[in-house]
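Peer 1: Could you work out the structure for the sequence below:
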Amino acid sequence: SAAAIPFRVLDLACGPRGEPGTTIAHALPLAAIHCTDSCSLAVAAVPVFANADVDAPIENMNILAHDNNHTRIPPANLTKSVTDLTDLSSFDSNTFDAIICCYGYALSVDISRALA
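Peer 2: Here you go, the predicted model:
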């Protein structure tokens, strides 16, 4: 029999903590979570914080994202990419079953385009 397709979630504007995508990835290990942010430094830092203390400071995310002394193991069901929430053309239609966004719309330069 064919393998079941996992529930697919897109996390827009996940920030350097990859939230809420990483929390969902841990809670739903059979789901496929894809975290995105327009900031490449934030996306690079996602694995750093995926298994870290949620109260850890994020001022030095560039250092943390490239520091081999930190645990950088994201959940196995989490992927990520640099993607602006106002342009999701890199994804095919119906790629995701759910789309989540915590603060991205509030921080978007063009809110009307982000909501389109």
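Peer 1: Out of the helices and strands in this structure, which is least certain?
Peer 2: Considering only helices and strands, the least confidently modelled element of the chain by mean pLDDT, DSSP states H and E is helix 61-65, at a mean of 48.
Peer 1: any weak-confidence spans in the chain?
Peer 2: Of all residues in the chain, those with pLDDT under 70 make up the ranges 1-3, 47-74, 106-111, 113-116.
Peer 1: just the helices in it please.
Peer 2: With helices called from DSSP state H, the chain shows them at 21-27, 40-50, 61-65, 104-107, 111-115.
Peer 1: May I see the buried residues of the first one?
Peer 2: Spelled out, that is helix 21-27. Gly21, Thr22, Thr23, Ile24, Ala25 (16 or more other C-beta atoms under 10 Å). Just so you know, the C-beta spots here come from the backbone N, C-alpha and C atoms, and that holds for glycine as well.
Peer 1: Turn those into JSON lines, columns for distance to Thr83.
Peer 2: Listed next are those as JSON lines, based on distance: C-beta to C-beta, whole Å:
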{"residue": "Gly21", "distance to Thr83": "13"}
{"residue": "Thr22", "distance to Thr83": "16"}
{"residue": "Thr23", "distance to Thr83": "20"}
{"residue": "Ile24", "distance to Thr83": "17"}
{"residue": "Ala25", "distance to Thr83": "17"}
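Peer 1: just these now: which is nearest Thr86?
Peer 2: Here the nearest of the buried residues of helix 21-27 to Thr86, counting by C-beta to C-beta, is Gly21; it sits at 18.6 Å.
Peer 1: contacting residues around that closest one?
Peer 2: By C-beta atoms under 8 Å, 6 or more residues apart in numbering, the contact set of Gly21 is Val9, Asp11, Cys14, Ile33, His34, Cys35, Leu78, Ile100.
Peer 1: Show the buried residues in those residues.
Peer 2: Members of the contacts of Gly21 that pass the buried threshold by neighbour count (16+ other C-beta under 10 Å) are listed as Val9, Asp11, Cys14, Ile33, His34, Cys35, Leu78, Ile100.
Peer 1: Alright, that wraps it up for me.
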